[in-house]
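1. Provided below are the primary sequence and the corresponding predicted coordinates.
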Amino acid sequence: QVQLVESGGGLVQAGGSLRLSCAPSGRTFSTATMAWFRQAPGKEREFVAVISMNFGTTDYADSVKGRFTISSFNARNTVFRVYLQMNSLKVDDTAVYYCAAGSRWSTSIGTYNTWGQGTQVTVSS
């Protein structure tokens, strides 16, 4: 099974920016959608952003709209890399961020069957 590898996390001050990257390890693969989720300490994993590989359509959680941008480097359904540009970061954005691949358009965790190991994002005040 394809593994996804995230990178780009780190420590940043509130108001700063980070760009997360996600790529399949070993080889490219095909999928319908790619998404980012995050999990803060003591909280459930939650949806952040999703992008359609075929149409480039995107959607975001209300908490990140206008601040985060999801994008991809792909050829139709073949994924090479997915990004999450995070601007105007807030302390509440602190979490482990995961990328995931799914077979259909969805913001629900249960529809994604391939996950990365996560990358830590810490926003200090």
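-> Looks like it came in fine. Residues are numbered from 1 along each chain as shown.

2. I'd like to know the beta-bridge partner residues of the spatially most central residue of the chain.
-> In the chain, the centroid-proximal residue (CA atoms, centre = their mean) is residue 36; its distance is 2.4 Å. Residue 36 has these beta-bridge partners by DSSP bridges: residue 49, residue 99.

3. wait, it sits on residue 84?
-> Yes. Using CB atoms under 8 Å, residue 36 makes contact with residue 84 at a distance of 4.9 Å. Any C-beta I mention is one placed from the backbone N, CA and C, and that applies to glycine too.

4. who touches both of the two?
-> Residues touching both residue 36 and residue 84 (CB atoms under 8 Å, 6 or more residues apart in numbering): 20, 22, 48-49, 70, 97, 99.

5. which one of these has the most neighbours?
-> Using other CB atoms under 10 Å as the neighbour criterion, residue 99 leads the shared contacts of residue 36 and residue 84 with 31 neighbours.

6. so who does that one touch?
-> 4, 6, 20, 22, 34-37, 82, 84, 115-116.

7. mind redoing it with 6 Å?
-> Contact analysis of residue 99 by CB atoms under 6 Å, 6 or more residues apart in numbering lists 4, 6, 22, 36, 82, 116.

8. from the residues you listed, which two are the most distant?
-> 4 and 36 (10.9 Å; CB to CB).

9. which among the contacts of residue 99 gets closest to residue 44?
-> Nearest to residue 44 among the contacts of residue 99, counting by CB to CB, is residue 36 at 15.2 Å.
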